[in-house]
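Asks: Next input, structure requested:
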Amino acid sequence: METALDDTAHLRHALIIGASRSLGLGLATELAARGWVVTGTVRGDTTTGLHQLAAASAGRVSVTRADITAPADLERLRGEFAPGSLDLLFVNAGITDPDLPASAVATDVFERVMVTNALGPVRAVEALAPLVREDGTIGVMTSRQGSISLNVRGGHEVYRASKAALNQLIRSYDARRTDRRTLLLLHPGWVQTELGGDGAPLTVEESVTGLVDTLDRHVGDGGLQFRNHLDEVIPW
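Replies: Got it, this is the predicted structure:
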């Protein structure tokens, strides 16, 4: 078995958008542990968990900067990679707002949630898809709260709407594209994150293990699917 760290041509390469902490960092950690070469993005100059992971990775993990809400950042990021050089692009972004009826949410908060959770991710997919091999995979972190048919309790209305918008935008993107890349909208489960809270049943490690297993199972499928970390289909 080859172990030379400077010979990575035979290894799988992933770019994770939003990997400084929580689920994004967990994905970077899990992929690196499975032998992937991983590049993760952060937004600012502060040292993050991704920087620490990269420092201990013997060159297998690297860090670059990009703000998913800034189209110029996405264009610059695209120039850092050769077309078709990635096996996986994973777009991870998500913020929430106070649990209020949509009519009570300030306009600027509504806009920020929608741009970060829906518009930014689809812009990232559009800009960076050419970096992915034709038989590669694009993953996008969404939520079952974006499922219209599963919304029987309400709550977190703007967050739900942003994830429903994301799902619709990705579905529209899929309808007009002509390539064969596999496209997965993935729900991570209810996870112990800032969004999920300490009482959530899943740890980050448990969630990302399932997410990466699901990504692996669908390599080469083509088309669009909406699934969770257990590889179960989520209804639209």
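Asks: Can you pull out the low-pLDDT segments for this structure?
Replies: Within the chain, the stretches with pLDDT under 70 are 1-9.
Asks: do you know how far residue 55 is from residue 139?
Replies: 25 Å (CB to CB, to the nearest Å). Every residue, glycine included, has its C-beta placed from N, CA and C.
Asks: Comparing these two, which shows the higher neighbour count?
Replies: Remark: of residue 55 and residue 139, residue 139 carries more neighbours, 24 against 11, as counted by other CB atoms under 10 Å.
Asks: so how many other residues sit close to residue 114?
Replies: 17.
Asks: ok, it touching residue 165?
Replies: Yes: assessed by CB atoms under 8 Å, residue 114 is found in contact with residue 165 at 6.5 Å.
Asks: those strands in this structure, which residues are they?
Replies: 13-17, 37-42, 61-65, 86-91, 132-141, 182-187, 224-228 (DSSP state E).
Asks: Run the chain-centre distance for the third one.
Replies: Pointing back at strand 61-65 there. 15 Å (CA atoms, centre = their mean, to the nearest Å).
Asks: Could you list every helix and strand that it packs against?
Replies: For strand 61-65, the helices and strands in contact under the criterion 3 or more CB pairs under 8 Å, 6 or more residues apart in numbering; DSSP states H and E are strand 37-42, helix 49-55.
Asks: from those, which stretch is densest packed?
Replies: Among the helices and strands packed on strand 61-65, ranked by average contacts under mean count of other CB atoms under 10 Å, first place goes to strand 37-42 (a mean of 24).
Asks: for that one, the distance to its chain's centre please.
Replies: For strand 37-42, the distance to the chain centre is 12 Å (CA atoms, centre = their mean).
Asks: got the buried residues for the longest helix belonging to the chain?
Replies: If you go by DSSP state H, the chain has its longest helix at helix 157-176. Within helix 157-176, the residues that qualify as buried are 157-167, 169-170, 173-174, counting by 16 or more other CB atoms under 10 Å.
Asks: before we move on, back to that, residue 68: which of the helices and strands packed on strand 61-65 is closest?
Replies: strand 37-42 (8.1 Å; CB to CB).
Asks: got the angle for the closest one vs strand 86-91?
Replies: Between the axes of strand 37-42 and strand 86-91, defined by axes from the mean of the first three to the mean of the last three CA atoms, to 10 degrees, the angle is 20 degrees.
Asks: what's the longest helix of the chain in contact with?
Replies: Helix 157-176 is contacted from outside by 96-97, 100-102, 105, 109-110, 113-114, 116-119, 121-122, 125-126, 140, 142-143, 145-148, 151, 183, 185, 223-224, 226, 236, using CB atoms under 8 Å, 6 or more residues apart in numbering.
Asks: try 7 Å
Replies: Applying CB atoms under 7 Å, 6 or more residues apart in numbering, the external contacts of helix 157-176 come out as 96-97, 101-102, 105, 110, 113-114, 117-118, 121-122, 125-126, 140, 142-143, 145-146, 148, 151, 183, 185, 224, 226, 236.
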